[in-house]
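[1] Below: sequence and its predicted model.
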Amino acid sequence: MAVPFSYAARNLWARRVTTLLTAGGLALVVFVFAAVLMLDAGLKKTLVSTGELNNVVAIRKGADTEIASSIVRDQAAVIELYPQVAIGPDGGKFASKEAVVLISLTKTGKDKPSNVVIRGTSANGFALRPRVRLAAGRLFRPGSSEIVVGSGVARGYTGTRIGDHLRFAKRDWVIVGILDSGGSAFDSEIWGDVDQLMQAFRRTVYSSMVVRLADGEAFDRFRSDIDVDPRLSQEVKRERSFYSDQSRELSKFINQLGITLTVIFSIGAMIGAMITMYAAVANRVSEIGTLRALGFKRREVLSAFLLESLLLSLIGGAAGLAAASLMQLAAFSTTNFQTFADLSFGFLLTPEIALKTLLFALTMGLVGGFMPAVRAARMQIVDALRAS
Amino acid sequence: MYLLRMVLKNAFRHRLRTTLTVAGLAVAVLSFGLLRTVVDAWYAGAASASNARLITRNSISLVFPQPRSYQARIRSVEGVAEVAYSNWFGGIYKDPKNFFAQFAVSDNYLNLYPEFVLPDDQRLAWQRDRMGALVGRQLADQFGFKIGDPLALRGTIYGGTWEFVVRGIFDGVDDTRVTRQMLFHWDYLNETLRKGAGPRPDQVGVYISVIDHPDDAATISRRIDAVFRNSLAETLTETEQAFQLGFVAMSDQIIAAIRVISNVVILIILAVTANTMAMSARERTAEYATLKALGFGPGFLALLIVGESLAICAIGGGLGLALTGPAAEGFRQAAGNVLPIFNVSNETVALQAASALAVGVLAAIVPAIQTARVRIVDGLRAIV
């Protein structure tokens, strides 16, 4: 017969202060662990949701980002005319030729500027990305110096409300609307008319091109066709993998930093759990003797103490996870090293992360509680009963 | 003396528990130090940047170039002594993970950077070879570059494969200088651009000017920007330090997070140590009551407990401090390509010691007060 569960639970309650301190230490570690996973999940979600399934991005070979890429007008026309490219809502080819540059804007509450992507696009640019919606105001009129800003830009930078003017490239640009794309990377961008922006920036070439494939299966053929076309120096990527490639370094950095930190911190927390459980065993020597004398087996005493330790870590884990879930209210923005542009994203708590976090907490409890539990189980009945 | 012996004896009565606490403290103090050093390393570029140099870039953003002709016009601004220029090349050496900075620079670039030391014969050899490149010591050590080695980069901004020959290896004047970078002739870049398609030639990324009096930096910056106002490429001039801090500010939320976390680790260890002290004091309630009955005052008992806590923290903190140096060295070797300057500052060492001390005092406060207050009769009667 197993030692009752309530024995473990009431023991923790009997030593409330110690339980609280140990669980508090565990909770802090769990919080850091969960927050890092959530940040990475938020980053991934932002970039995956940026890409549409059958959209394909063309950039110059060797250029990893749109900023470094270039497509001459003739080449853009060649790519557009490939048979795999779908027909758009206006009856023409479903493609958007875009110019992408960086401008520096000042973040709210800071005096240092950050780089923001400004994308010259067209009506097709919106049609190709149905997730991008207008949250306020109106769209820019083609052929005018009007721009619309992403919701992340509107939130995070000064002078980016509707009606404000941004001055760059010798022109004043009026903000006429705010875009919302449901948390994708476009929320961190500014959009305007491609011809106007190219004119203002004295650019003669496009940066990149987005096309919709009529049939997603045709992508491999499309890619190999573009690769061997002697007129082109571009390569094509699926929009989704294009954006997730761009965040690979940032994601790796967040992960490595987080894992290093949690490994170091968990050592501290496990030591805390171990101290608590050793003390729990030491204080209850005669109690353990009594349990054994009553007929509980070594195995059962072992599992009783392990259960106590697991329960302790579960309390800490749940508290840490609860605190981490509050982080979902916070926004995070940083410069993506690969694109050199600012990207804002959030903390995202998924069921998988919650499960991982609780398992992590339980593992700490198991490791911390194992040796003390073994010590309790190995006691001789007579010696234990004789202890004062 | 007697008190000290008693404190130490008490501290090691529960050898296992004390050892665990000491180990936890050592880990915490160590990671606190390393995290602070990571933040410092982030600022290393800005910390070693000069206030006597101004950086002029296109005011729209750094990715926009400026005409080559600006050099002479900046040179003529009052207060400017010499002007050099450089372009960020952004090439890939074999694999993207081998990232390092490459700059196409004007011939006088090294005159402006006295902190980079290059032997005269190597400098001459570099100047004679259009394809010649200079690599910093840290970079040369990492990839094993030697003088005369060929070096090929795959361009991302400037497409194609670019070939160079290592003609010199420069050192930093002291170990706070980042020498994990490569310099080559701007003319080589420009002449190649003239031949082919791709980005326009005769464009410069940033101009670097040395000024006579660092105090006039703000005035001279305004003067330079005034020259190019209402031109196609308006400029933004700031000191090199401000320019570098701008880069750091781009990832400031990550830095802020690391800062917060480095304090969290101290909180974790505070919880662990406070727990140890609370347990010790509770187990010894009867003992402390006996001491009181013998005539020792509450102050003595409080001192006993605080002393024990401080002794544990001193040992743990000392161990952590001792390990910080070797750990930082290991970290530098593992992550040298991201953070090439990884020196533990004196301030960090002082903060590590101070936080160990603070943990020692804070962890003992509650048990010390409780023990000092407990009545002899209750203490003797207490069952643990």
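    Structure received.

[2] What strand or helix carries residue 309?
    You didn't pick a chain, so chain A it is. helix A:298-326 (DSSP states H and E).

[3] switch to chain B, that's the one I care about
    Residue-wise, B:Ser309 maps onto helix B:298-335 under DSSP H and E.

[4] In chain A, what residue spans correspond to helices?
    Here chain A has its helices, by DSSP state H, at A:5-14, A:16-48, A:73-80, A:123-127, A:151-156, A:194-200, A:219-228, A:239-246, A:248-283, A:285-293, A:298-326, A:351-377, A:381-386.

[5] Could you check the fourth one and say which residues are buried?
    In this case it means helix A:123-127. Within helix A:123-127, the residues scored as buried using 16 or more other CB atoms under 10 Å in any protein chain shown are A:124-126. The way it works is simple: take the backbone N, C-alpha and C, and place the C-beta from them, glycine included.

[6] got it, and the first one?
    Buried residues in helix A:5-14, counted by 16+ other CB under 10 Å: A:8, A:11-12.

[7] now the longest one
    By 16+ other CB under 10 Å, the buried positions in helix A:248-283 come out as A:249-251, A:253-254, A:257-258, A:260-262, A:264-283.

[8] Same check on the last one?
    For helix A:381-386, a neighbour-count test (16+ other CB under 10 Å) marks A:384-385 as buried.

[9] ok, for A:Ala376, nearest residue in space, not its chain neighbours?
    Sequence neighbours aside, A:Val281 is the residue nearest to A:Ala376 in space, at 4.5 Å (criterion: CB to CB, 6 or more residues apart in numbering or on different chains).

[10] Measure how far the helix holding A:Ser309 is from the centre of its chain, please.
    Remark: helix A:298-326 is offset 28 Å from the chain centroid, using CA atoms, centre = their mean, to the nearest Å.

[11] hmm, it touching chain B?
    No - Helix A:298-326 stays clear of chain B (CB under 8 Å from any CB of the partner chain), getting no nearer than 10.2 Å.

[12] the inter-axis angle of that helix versus helix A:285-293?
    120 degrees (axes from the mean of the first three to the mean of the last three CA atoms, to 10 degrees).

[13] in chain B, which strand has the most residues?
    Scanning chain B for the strand with the most residues, using DSSP state E, yields strand B:161-172.

[14] Pairing partners for it, with directions?
    Partners of strand B:161-172 in the sheet, by DSSP bridges, are strand B:116-117 (antiparallel), strand B:132-136 (parallel), strand B:150-154 (antiparallel).

[15] Up against chain A, what does the stretch 101-250 of chain B have?
    With CB under 8 Å from any CB as the criterion, the stretch 101-250 of chain B meets chain A at residues B:154-157, B:159-160, B:197-199, B:230, B:232, B:234, B:245-246, B:249-250.

[16] shouldn't A:Thr335 be in contact with A:Ser114?
    Yes - counting by CB atoms under 8 Å, A:Thr335 does reach A:Ser114; the two are 6.5 Å apart.

[17] Now flag whichever of the buried residues of helix A:123-127 is closest to A:Asp193.
    A:Asp193 lies nearest to A:Gly125 out of the buried residues of helix A:123-127, by CB to CB, at 10.0 Å.

[18] what's the nearest residue to the closest one if we skip its chain neighbours?
    A:Ser96 (4.0 Å).

[19] Tell me the bridge partners for the one you found.
    On the basis of DSSP bridges, A:Ser96 is bridged to A:Val210.

[20] List the residues that contact it.
    The contact partners of A:Ser96, by CB atoms under 8 Å, 6 or more residues apart in numbering or on different chains, come to A:121-122, A:124-125, A:128, A:209-211.
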